[in-house]
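>>> sequence first, then the predicted structure:
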Amino acid sequence: MEMTTKEISHTQNKPLHIAMFPWLAYGHLMPFLQVSNFLAQKGHLISFVSTPKNLRRLPTSLSPLIKLVELPLPDVDGLPHSAESTADIPINKVPFLKKAYDKLELPLTEFLEHSDVNWIVQDFASHWLPRVVTRLGINSVYFTIFNATTMAFLGPPSEILSGRQRPEDFTVVPKWINFFNYDVAFKLYEMVSHWDCMEDEVSDFQRVAAAIEGCDFVVTRTCPVFDADSLSLVNKLYGKPVLPLGMLPPVLPDTDHSADDESEHGTWRSLIEWLDGKKEKSVVYIAMGTEVTLSQDSLHDLARGIEKSGLCFIWVLGRRQEAGAPDMIPVGFEKRVEDRGLVWRGWAPQLRVLAHTAVGGFLTHCGWSSVIEALGFGRALVLFSGASADQGLIARLMHGKRVGLEIPRDDRDGSFSSEVVAESIRRVMVEEEGEVLRENAWAMREVFGNLSLNNKYLEEFNEVLESWPSSTS
């Protein structure tokens, strides 16, 4: 069911009204906003629908064609009153956030009933939305922020709903994938962790299956140059078109003029002064994202491994990693590494850091957005799965593509030693064995950082939206 724009009978281009309805997580909001920005440039009216707190997190300089639509998040027992996104809560509270999200069905339906929306772009979580838009005669597309490899691993809706039932079932390559030398599957500790964030009444698998079955077509954050076999497979598995949106690489903002506020300028000035004093590609950048929580033991082992590597580094400790005791990193660690290491607490301008010539590698939790940013600048990867969503699959995929090296961990509990951390960092950054990884990662700039290539897929997506027949209620 692969579809090209040549196969579509074009109609007169007419501005559309497109509603965007992402899941309540920053890693979902921003890709949806990137697509919104592109479609607004094409002259379409965008209604970006989310909760007040999430909308306030978006950049303030938006196109006048992007209208922010606030839907207050309903109260749910068990969900903290101020929580409106996954960043606001621990993983075991995410099921309550999904219950609250489901309660947005009525206000979203009322908005759609009183608007002239032609299309809605939905996320995985709104399993009830296909039923609503079918009744209202609105076309729908499921935008998965995952790549095609992850979607192929999940399989067709029938398998998603009734196939694998236990965490152990996801630790092997599924039967419908028969690519040569393919070893992309979850580790047990990753699936056990994900089970904690699933809602009992409606599982994530039910949500994804409903989104696939109920939409007109699917778009995925990937590029055929990188993900061709999996993209072809999901077209067959779904029995409907699955289009690549490209990698949606972020654009590096102008250092002098485009930061949202002075605090970013100040943060960047402090970091750039430190980086400017280091040799080219000598620094490993370390960041676990905004939502990964590690135990004190894991953070200590990670710190000892970073120290044993003997290399220069910037380690960004996010709010989640600092949420425990004051000694979440070993006592005296910062003093011992002060001549070559910088521990940065709180938010950091990751894209700017990765773009700096002193940075040669990235120890990452394997969030897809972070991987895209790193490979856009050709940075080799030290892969440390955050054990959430698709991060384990991304770690295996990038290890298999030989653009990075996964830190060995126990399959059952995710434990690891400081020695393997140090060995992995050194191999990726400086040792002769890692030269092929560094070369491959550098070559990936032509895919992950190529704006003209990736915009081509957005152009094709826009053409499909403009030429697709209208739905009828």
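Thanks, I have the structure now.
>>> just name the shakiest helix or strand of this protein by mean pLDDT.
Using mean pLDDT, DSSP states H and E, helix 262-276 stands out as the lowest-scoring helix or strand of the chain, at a mean of 79.
>>> any idea whether Ile77 is helix, strand or coil?
Residue 77: Asp, not Ile. Secondary structure state of Asp77, per DSSP: H, G, I helix; E, B strand; the rest coil, is coil.
>>> so which helix or strand takes in the residue nearest to Asn147 when sequence neighbours are not counted?
Setting aside the residues directly before and after it, Asn147 is nearest to Thr222 in space (Cβ to Cβ, 6 or more residues apart in numbering), at 4.1 Å. Every residue, glycine included, has its C-beta placed from N, CA and C. Under the criterion of DSSP states H and E, Thr222 resides outside all helices and strands.
>>> mind starting the numbering at 593 from now?
Shifting the count to begin at 593 puts that one at Thr814.
>>> quick one: distance of the strand or helix carrying Asp821 to the chain centre.
Element membership for Asp821, per DSSP H and E: helix 816-830. Its chain's C-alpha centre and that of helix 816-830 lie 19 Å apart, by Cα atoms, centre = their mean, to the nearest Å.
>>> quick check: mean pLDDT across that helix?
Per-residue pLDDT over helix 816-830 has a mean of 96.
>>> pLDDT on stretch 887-903, on average?
On average, stretch 887-903 scores 96.
>>> for that stretch, which outside residues touch it?
For stretch 887-903, the surrounding residues in contact (Cβ atoms under 8 Å, 6 or more residues apart in numbering) are 874-876, 878, 886, 905, 907, 913, 916-917, 919-922, 925, 928-929, 932-933, 955, 976, 1006-1014, 1016-1018, 1021-1022.
>>> low-confidence ranges, the stretch 693-842 of the chain, go.
Nowhere does the stretch 693-842 of the chain drop to pLDDT under 70.
>>> give me the distance between Glu1058 and Ser961.
Glu1058 is 27 Å from Ser961, where distance means Cβ to Cβ, to the nearest Å.
>>> His948: what's it in contact with?
Ile864, Leu867, Val875.
>>> in JSON lines, list those along with neighbour count and distance to Lys779.
Below are those laid out as JSON lines (neighbours: other Cβ atoms under 10 Å; distance: Cβ to Cβ, whole Å):
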{"residue": "Ile864", "neighbour count": "16", "distance to Lys779": "37"}
{"residue": "Leu867", "neighbour count": "21", "distance to Lys779": "34"}
{"residue": "Val875", "neighbour count": "26", "distance to Lys779": "29"}
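>>> OK, contacts around Tyr693?
Taking Cβ under 8 Å, 6+ apart, we find Tyr693 in contact with Trp615, Leu616, Leu665, Ala717, Ser718.
>>> buried residues in stretch 986-1001?
986-993, 995-999, 1001 (16 or more other Cβ atoms under 10 Å).
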